[in-house]
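Asker: A predicted structure for the sequence below; I have some questions about it.
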Amino acid sequence: MAKNAGKSPNSPEKCDVFIVGLGFAGLSAAIYSARYNFRTIAAGEIFGGLIIDTHLVENYPGFTAISGLELMEHFKEHVKFYENIEVVEEKVESIEKKWKKFFAVLKDGRTFESKAVIIATGTKRRLLNVPGEKELSNKGVSYCATCDAFLFKNKEVVVVGSGDSAAKEALLLSEHAKKVTVLVRKDKLKAEPINLSRVEKKKDKIKVKFNAEIAEIIGKGKVEAIKLKDGSTMKVDGVFIEIGHLPQTELAQKLGCALDEHGEIKVDRYARTNVPGVFAAGDCVDTHWKQGIVSAAEGAHAANSAYNFVSNEDIEPK
Ligand SMILES: Cc1cc2nc3c(=O)[nH]c(=O)nc-3n(C[C@H](O)[C@H](O)[C@H](O)COP(=O)(O)OP(=O)(O)OC[C@H]3O[C@@H](n4cnc5c(N)ncnc54)[C@H](O)[C@@H]3O)c2cc1C
């Protein structure tokens, strides 16, 4: 469908479903929405979302091993196939509900009117919030091994984090750096067993230090050392921070969506929020397991529920 279809001067562009987010959840929702013959707007700041910074994805069905960026290129091709999807790479500033319609305003000034909204806004990185982190960001402090690992050839780095993402970052860094130390806050590295054994196999290069927390990142113009909370210091060239993510829910909150105690959007098993016509999917919602395939499935569910809402028709198989 032509860009700006349904638009008259000074009025918002009309669509059936307005989706915020261009990650697994938003793009999957767009594909399903298009197949219901809905004029679908999928708006997002970063095409592909969080996964594009990941060097290796080995658990998305259909791909034994693929980079996050390449995987999202496949999503792009798939979305392009549908003429009734318009992808808009732009920040969504606000969404308001007026009577039964939704009005979205984008940073570039474009406005859209829709009958339903799908929020798939994912997460933003959690910061360590220690002295030196902000000052030395991009000067040795990094949040993305895929982007920066090559800068640390034969250097010593630490990865801060206790989850699978931290293990994966350490594995990638070990291909470049001389020594990688994973600083785990408690006494367990909670990685996928397959990644845990890979870390163990690389113990000549990757050390795991338990009960270790950074108190300060030290350096003049670049990272030179870190100070731990036990008072010890370590000489390092790089600090990679992978301590989880915080849900991005500002738009949902302004629409009146309820959040849980973790600040995630509450949804039922049909991806419905408490606000009629607003659906949510992916890492920003209150499902425990944050993975690409989970987000994609939730996006599909949200589109199905949006279809039911807009057409007031139940198309689920009986
Ligand atoms: C280091 C690391 C490695 C990982 N490895 C894997 C893996 O191997 N396999 C796997 O399945 N998962 C992996 N994950 C998890 C996976 O990346 C996430 O589960 C997935 O990206 C979530 O998808 P999403 O669509 O919910 O959100 P996201 O991918 O976060 O996308 C959110 C989208 O919303 C947009 N957005 C947010 N707010 C606005 C706004 N106001 N206006 C416009 N756009 C907005 C963003 O620009 C983005 O397009 C990994 C995560 C990390 C951190």
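Answerer: Yep, that arrived.
Asker: which parts of this protein are helices?
Answerer: Counting by DSSP state H, the segments of the chain that form helices are 24-35, 68-80, 145-148, 164-173, 193-201, 250-254, 292-311.
Asker: just those: most buried one?
Answerer: For the helices of the chain, the largest average neighbour count (mean count of other C-beta atoms under 10 Å) is found in helix 24-35, namely a mean of 27. No exception for glycine: its C-beta is placed from N, CA and C like everyone else's.
Asker: next, the angle from that helix to helix 68-80.
Answerer: Interaxial angle of helix 24-35 relative to helix 68-80 (axes from the mean of the first three to the mean of the last three C-alpha atoms, to 10 degrees): 20 degrees.
Asker: now the angle from helix 24-35 to helix 292-311?
Answerer: 40 degrees.
Asker: can you list contacts of helix 24-35?
Answerer: Defining contact as C-beta atoms under 8 Å, 6 or more residues apart in numbering, one finds that helix 24-35 is touched by 16-17, 19-20, 40, 42, 44, 49, 51, 72, 75, 78-79, 82, 84-85, 87, 118, 120, 122, 281-283, 292-293, 295-300, 302-304, 306-307.
Asker: can I get the CA coordinates of that helix in CSV?
Answerer: In CSV, the C-alpha atoms belonging to helix 24-35 read as follows (Å, rounded to 0.1, in the frame of the first residue of the first chain):
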residue,chain,number,x,y,z
PHE,A,24,11.5,-10.1,17.1
ALA,A,25,8.2,-9.2,18.8
GLY,A,26,7.2,-6.1,16.7
LEU,A,27,8.3,-7.6,13.3
SER,A,28,6.5,-10.9,14.0
ALA,A,29,3.4,-9.0,15.0
ALA,A,30,3.6,-7.0,11.8
ILE,A,31,3.8,-10.1,9.6
TYR,A,32,0.7,-11.7,11.3
SER,A,33,-1.1,-8.4,11.2
ALA,A,34,-0.5,-8.0,7.5
ARG,A,35,-1.8,-11.5,6.8
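Asker: is it anywhere near the ligand?
Answerer: Yes. Shown here: helix 24-35 in contact with the ligand (C-beta under 6 Å from any ligand atom) through 24-26.
Asker: before we move on, what about stretch 69-88?
Answerer: No. Stretch 69-88 stays clear of the ligand (C-beta under 6 Å from any ligand atom), getting no nearer than 8.8 Å.
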